[in-house]
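Asks: Build me a structure from this.
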Amino acid sequence: MYYNLKRRSSHLIMPILNVRNKNKYLAAAAMILTLAFGAAGFFAAAADPQTLQQQQSAAQDQKTQLEQQLKDIQDQINQLQSQLGQISSQKNTLANKIKQLQTEKNKVNLQIQQTTLTIQNLDQQINSTQAQIDAGQAHLDALHQQVAKLLVQLYENQQKPTVEILLDGSGFSDFYTELNSYQELNKNISDLAGQVAATNKSLQLAQNQLTDQEQQQKDFLSIQSLQNQHLAETISDQNTVLQQTKGRESEYQAAISDTKKRAAEIQGRIYELFGTGGKNVTFGQALQIAQYASGQTGVRAAFLLAILTQESNLGKNVGTCNRPGDPPSKSWRVVMKPDRDQQPFVTVTAELNLDPDITPVSCPLHDSRGRQIGWGGAMGPAQFIPSTWMGYKDQVSAVTGQPANPFDIRDAFIAAAIKLKADGGATQSGEWAAAMRYFSGGTNPAFRFYGDNVVATAAKYQSDIDALNQ
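Replies: Numbers count the residues shown, from 1 in each chain. Next comes the predicted model:
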């Protein structure tokens, strides 16, 4: 209705109107024009210039302070990274190993602080953008209501014959004055229609901005979860080293020199992948699958192992929605993006004879206030969302010769390898960028912890693989 005001108003207002209603209509017109002029500046949220300036100044001060905090933290992280490089080049002793783990722990703690500050800043931006959208939408609603009322009144007057108006004794002078007044009103309404369209466009831009901010917040929440997990693993490694060696250098050197014992530990280590029907596979079994996928794509096996380790352990939400017994709030109909992933999910489960109502998928993330950020619905060990999986399943089937299943560990490895190869991960020099694209579709350095951690994990896996081949 509102986008057609300009076209409709010309034939509603042109008829000659009753002079006795002049004051009523012009008053209505004045009220609408006041609203219209207010709509052009709805992002000011009805604040007076002084208040708005104070708010903007406070926001800028806060931004400057945050940027300085982030810079200070990054400087400390860089110093610790330099220390880690120096420690790694030193002799492999128990003291150096503990020092390395402590430095790594301090570094991750700083990275968690850095990510927390960034999330807090994004949360404020999201709240501000949402407030702007709400204020703008309320203003538009008021405009629409007033325009509708005026058009109804004008339409009712249109039904009165011209002869009746001329015979009411007003005279031709008032008649033409009234005509000019309503022609001017007609122009004003046409201008208002343009403002409504422009305001709608501004609202859409604000909504797009909000969507981008929410996606960034989702990515940072994922990074924060990964950082917390990495910190816990570092502390566990430190405690394990101390328990095994009892603080004695001789015990430590004996442990790292016993390659046979290390190989047995590697072969038997449980490599946990969520979404594999409750089955765990050993490192050796996972390695065999990764090596097969590597042979098909050229993507390094250690790199594949690192990607799936990171994806399947990215927080505690992986595979914890849409399970048997889960409440309706965790159903795929709620956690998946409706216009993107729900129909592909139905298609995938139907092709595999799976019940869509009890096939586990990832849950969406939530911020500190419990608000949902983004969408869940990622499937299986490689964490493909249904719409993305649809673009890879035929390629997986071409390799395996059977219907592709995102919940099958072998198909998950192959699908991940195909995607990583397409993103440049078939060479070791391209692995970091490929990992980053796997996470967020780009190489934004703000999320570099993901890529850095994948590369570090791949190096550990390569060390294990090399030990097994000795």
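Asks: Need phi/psi at residue 383.
Replies: The phi/psi pair for residue 383 (degrees, to the nearest 10) reads phi 60, psi 50.
Asks: shouldn't it be in contact with residue 311?
Replies: Yes - in this structure, residue 383 is within contact of residue 311 by Cβ atoms under 8 Å, at 4.3 Å. Any C-beta I mention is one placed from the backbone N, CA and C, and that applies to glycine too.
Asks: who's more crowded, those two?
Replies: Remark: of residue 383 and residue 311, residue 383 carries more neighbours, 26 against 23, as counted by other Cβ atoms under 10 Å.
Asks: Distance of that one relative to residue 103?
Replies: 31 Å (Cβ to Cβ, to the nearest Å).
Asks: mind checking pLDDT for residue 287?
Replies: Note on residue 287: pLDDT of 91.
Asks: Figure out the helix or strand that it lives in.
Replies: Assessed by DSSP states H and E, residue 287 sits inside helix 283-297.
Asks: I'd like the next helix or strand past that helix.
Replies: helix 301-312.
Asks: one step back: the helix holding residue 287 versus helix 301-312: what angle between them?
Replies: Orientation of helix 283-297 against helix 301-312 (axes from the mean of the first three to the mean of the last three Cα atoms, to 10 degrees) gives an angle of 110 degrees.
Asks: Could you list the low-pLDDT ranges of the stretch 51-200 of the chain?
Replies: 51-56, 146-189, 192 (pLDDT under 70).
Asks: What ranges does it have for its helices?
Replies: For the stretch 51-200 of the chain, the helices defined by DSSP state H, counting those that start in this stretch occupy 94-158, 162-166, 172-245.
Asks: what's the longest one packed up against?
Replies: Spelled out, that is helix 172-245. When contacts are defined as 3 or more Cβ pairs under 8 Å, 6 or more residues apart in numbering; DSSP states H and E, helix 172-245 sits against helix 5-13, helix 22-39, helix 94-158, helix 249-257, strand 365-366, strand 372-373, helix 431-440, helix 448-468.
Asks: cutoff 7 Å now
Replies: helix 5-13, helix 22-39, helix 94-158, helix 249-257, strand 365-366, strand 372-373, helix 448-468 (3 or more Cβ pairs under 7 Å, 6 or more residues apart in numbering; DSSP states H and E).
Asks: thinking again about what came up before, pull the CA atoms of the helix holding residue 287 into PDB?
Replies: Provided in PDB are the C-alpha atoms of helix 283-297 (Å, rounded to 0.1, in the frame of the first residue of the first chain):
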ATOM      1  CA  PHE A 283      44.000 -42.400  16.300                       C
ATOM      2  CA  GLY A 284      45.200 -45.100  14.100                       C
ATOM      3  CA  GLN A 285      41.800 -45.700  12.600                       C
ATOM      4  CA  ALA A 286      41.200 -42.000  12.100                       C
ATOM      5  CA  LEU A 287      44.600 -41.700  10.400                       C
ATOM      6  CA  GLN A 288      43.800 -44.500   7.900                       C
ATOM      7  CA  ILE A 289      40.600 -42.600   6.900                       C
ATOM      8  CA  ALA A 290      42.500 -39.300   6.700                       C
ATOM      9  CA  GLN A 291      45.200 -40.900   4.600                       C
ATOM     10  CA  TYR A 292      42.600 -42.300   2.200                       C
ATOM     11  CA  ALA A 293      40.900 -38.900   1.800                       C
ATOM     12  CA  SER A 294      44.400 -37.300   1.400                       C
ATOM     13  CA  GLY A 295      45.100 -39.800  -1.500                       C
ATOM     14  CA  GLN A 296      41.900 -38.700  -3.200                       C
ATOM     15  CA  THR A 297      42.400 -34.900  -2.800                       C
END
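Asks: now it, how far from the chain's geometric center?
Replies: 31 Å (Cα atoms, centre = their mean, to the nearest Å).
Asks: what's in contact with that helix?
Replies: 266-267, 269, 271, 300-301, 304-305, 399, 409-410, 413-414, 417-418, 421, 426, 464-465 (Cβ atoms under 7 Å, 6 or more residues apart in numbering).
Asks: go with 6 Å
Replies: 266-267, 269, 271, 301, 304-305, 399, 410, 413-414, 417, 421 (Cβ atoms under 6 Å, 6 or more residues apart in numbering).
Asks: Just send these back as CSV, with secondary structure too.
Replies: Putting the contacts of helix 283-297 into CSV (DSSP: H, G, I helix; E, B strand; the rest coil) gives the following:
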residue, secondary structure
266, helix
267, helix
269, coil
271, strand
301, helix
304, helix
305, helix
399, helix
410, helix
413, helix
414, helix
417, helix
421, helix
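Asks: which of those residues count as buried?
Replies: 266, 271, 301, 304, 305, 399, 410, 413, 414, 417, 421 (16 or more other Cβ atoms under 10 Å).
Asks: Next, the contact list for the fifth one, please.
Replies: So the one you mean is residue 305. 290, 461 are the contacts of residue 305 under Cβ under 6 Å, 6+ apart.
Asks: The last one now?
Replies: Listed by Cβ under 6 Å, 6+ apart, the contact partners of residue 421 are 297, 299.
Asks: try it again with 8 Å
Replies: 297, 298, 299 (Cβ atoms under 8 Å, 6 or more residues apart in numbering).
Asks: quick one: residue 222 and residue 362 touch, right?
Replies: No - contact criterion Cβ under 8 Å: residue 222 and residue 362 do not qualify, at 10.5 Å.
Asks: Between these two, tell me which one has more neighbours.
Replies: Neighbour count, other Cβ under 10 Å: between residue 222 and residue 362, residue 362 has more, with 26 against 22.
Asks: Give me the spatial nearest neighbour of the more buried one, chain neighbours excluded.
Replies: Leaving aside its sequence neighbours, residue 362 sits nearest to residue 378 (Cβ to Cβ, 6 or more residues apart in numbering; 4.0 Å).
Asks: Against residue 364, how distant is the one you found?
Replies: 10 Å.
Asks: Also residue 69?
Replies: Distance from residue 69 to residue 364, by Cβ to Cβ: 29 Å.
Asks: The spatially closest residue to residue 396 that is not a sequence neighbour in helix, strand or coil?
Replies: Nearest in space to residue 396, with sequence neighbours left out and distances taken as Cβ to Cβ, 6+ apart, is residue 404 at 3.7 Å. Three-state assignment for residue 404 (three-state DSSP): coil.
Asks: is it true that residue 404 touches residue 393?
Replies: Yes - here residue 404 reaches residue 393: they are 3.9 Å apart, a contact under Cβ under 8 Å.
Asks: intersection of neighbour lists for those two?
Replies: Contacts common to residue 404 and residue 393, judged by Cβ under 8 Å, 6+ apart, are residue 415.
Asks: Who are the contact partners of residue 231?
Replies: Per Cβ under 8 Å, 6+ apart, neighbours of residue 231: 105, 108, 109, 112.
Asks: Just give the nearest non-adjacent residue to the third one, would you?
Replies: Closest residue in space to residue 109, ignoring its immediate chain neighbours: residue 231 at 6.6 Å, by Cβ to Cβ, 6+ apart.
Asks: Return the distance of that neighbour relative to residue 120.
Replies: Residue 231 is 19 Å from residue 120, by Cβ to Cβ.
Asks: ok so, going back, so who does the residue nearest to residue 396 touch?
Replies: Residue 404 neighbours (Cβ under 8 Å, 6+ apart): 389, 392, 393, 394, 396, 397, 411, 415.
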